[in-house]
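Visitor: coordinates for the following, if possible.
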Amino acid sequence: MAEIDILEDLGLSEAEAKVYLALLETGSTLAGPIIKKTGLHRGTTYQILQRLIEKGLVSYVIKAGKRYFEATDPNRFLAILKEKEQKIQEILPSLIQKRELGKEKQEVNVYSGYKGIKTVCENMLEELKERGEYLDFGVSGLFRDVMGPYWDLWQTKKKKYKIKAKCIFDEILKEKNPNLLKDYFGEAKFHSSEFKSLTDTIIYNDKVVLFIWTAKPPIAVIIQNKENAESYRNQFNLMWKHSKK
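Guide: Below you'll find the model as predicted:
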C-alpha cells in the first residue's frame with residue numbers, strides 16, 4: 001500500500017498527504033518548492049499548509065520575514081491515533097446505547113386476506129415450535145369461521161410442535177360452539193360476554209398480533225416491540241387471573 005494511501009486512511013486528504021510527504025523530503029523550506037514539487041495551485045498549497053499546521057503535522061519559522069515550513073516528526077500520527085481512540089472511548093457507551101435503543105424501535109406490519117393471515121400463523125408456528133408459548137385474549141370463535149379448515153390444521157400443528165397456549169374465550173362459546181373448545185389445543189379460561197371482543201390479540205416473544213376478523217378482507221397487524229409485548233403480556237396475566245375456568 002502506497003504511503004499516500006496510508007496517510008489518507010489516517011485522515012488526510014490526497015492533497016494534504018502530498019504536501020506532507022513533499023515537506024518530509026525537502027526539509028525546512030519556503031512554499032515555492034512545495035508548490036513546484038506537488039503541482040498544486042499556490043492558493044491551495046497555502047490553505048493545505050494551514051490545515052496541516054492546525055493538525056500539528058507542520059510547523060514553521062519566520063526568517064527574514066518569510067515563512068519556512070517543516071514537517072513534524074511522523075510519530076505525530078501515533079499521537080493522533082491515540083487521541084482519536086480516546087475520543088471514541090468517551091462516546092462509545094453513548095453509541096452502544098443508541099444502537100440498543102434502535103433495536104427496540106417498534107415495527108408494524110399488516111397482512112391482509114386469507115393468505116396473508118395464514119402466513120402470519122405459519123410464521124408464528126415456526127418461531128414457537130419446540131415448546132414455545134403464546135397468550136390470546138378476545139377469542140370469539142371468528143378465527144375458525146373465517147379461516148375454515150385451516151384453524152383445525154393450526155391446532156394440529158400446535159400439538160405436533162408442543163406449543164403451549166393460554167386463551168381467554170368468550171363464555172358464550174361454551175353453548176354456541178362447544179366443538180371449537182373441544183378441538184382447541186391449550187389451556188382455556190372464559191370471560192363474561194359483557195366484555196365481548198371481535199379482535200383476537202395474541203402475544204408471543206416480542207410480538208403482539210391483532211387479528212381483525214370483521215374487516216373486509218380480514219387483516220392481521222403485527223407489532224414488534226419488546227416493551228409493548230411485555231405490556232400486553234401483563235394485561236393478559238391480569239385478565240387470566242380474573243377469568244373463570
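
Visitor: and the strands in this protein, which stretches?
Guide: With strands called from DSSP state E, the chain shows them at 58-63, 66-71, 107-112, 133-139, 164-170, 187-191, 199-204, 207-212, 219-224.

Visitor: mean pLDDT for those - can I get that in a markdown table?
Guide: Shown next, in a markdown table, are the strands of the chain (pLDDT from 0 to 100):
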| stretch | mean pLDDT |
| --- | --- |
| strand 58-63 | 92 |
| strand 66-71 | 92 |
| strand 107-112 | 92 |
| strand 133-139 | 93 |
| strand 164-170 | 93 |
| strand 187-191 | 91 |
| strand 199-204 | 94 |
| strand 207-212 | 96 |
| strand 219-224 | 95 |
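
Visitor: in this structure G11 contacts I80, no?
Guide: Yes. Between G11 and I80 there is a contact under CB atoms under 8 Å: 7.4 Å. Backbone N, C-alpha and C define where each C-beta goes, glycine included.

Visitor: hmm, back to that, right, and the strands of the chain - which one's nearest T45?
Guide: strand 66-71 (9.8 Å; CB to CB).

Visitor: buried sites along that closest one?
Guide: Using 16 or more other CB atoms under 10 Å as the burial criterion, the residues of strand 66-71 that qualify are 69, 71.

Visitor: what does it rub up against?
Guide: With CB atoms under 8 Å, 6 or more residues apart in numbering as the test, strand 66-71 has contacts from 20, 23-24, 27-31, 34, 49, 57-62.

Visitor: and that strand, how far out from the chain middle?
Guide: How far strand 66-71 lies from its chain's middle: 51 Å, per CA atoms, centre = their mean, to the nearest Å.

Visitor: how about stretch 138-148?
Guide: Stretch 138-148 sits 34 Å away from the centroid of its parent chain (CA atoms, centre = their mean).

Visitor: and it, end to end?
Guide: 19 Å (CA to CA, to the nearest Å).

Visitor: what does stretch 99-112 give?
Guide: Stretch 99-112: ends 32 Å apart by CA to CA.

Visitor: so, low pLDDT: which residues of the chain?
Guide: Scanning the chain with the threshold set as pLDDT under 70 gives 1, 101-105.

Visitor: now do 80
Guide: By pLDDT under 80, the weakly predicted segments of the chain are 1, 98-106, 193-196.

Visitor: how about the helices of it, start to end?
Guide: 3-9, 14-26, 31-38, 42-54, 76-103, 113-128, 142-147, 149-160, 173-176, 178-183, 226-242 (DSSP state H).

Visitor: can I get the strands of the chain in a markdown table with distance to R233?
Guide: Listed next are these as a markdown table, based on distance: least, CB to CB, whole Å:
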| stretch | distance to R233 |
| --- | --- |
| strand 58-63 | 62 |
| strand 66-71 | 64 |
| strand 107-112 | 18 |
| strand 133-139 | 6 |
| strand 164-170 | 11 |
| strand 187-191 | 15 |
| strand 199-204 | 5 |
| strand 207-212 | 9 |
| strand 219-224 | 13 |
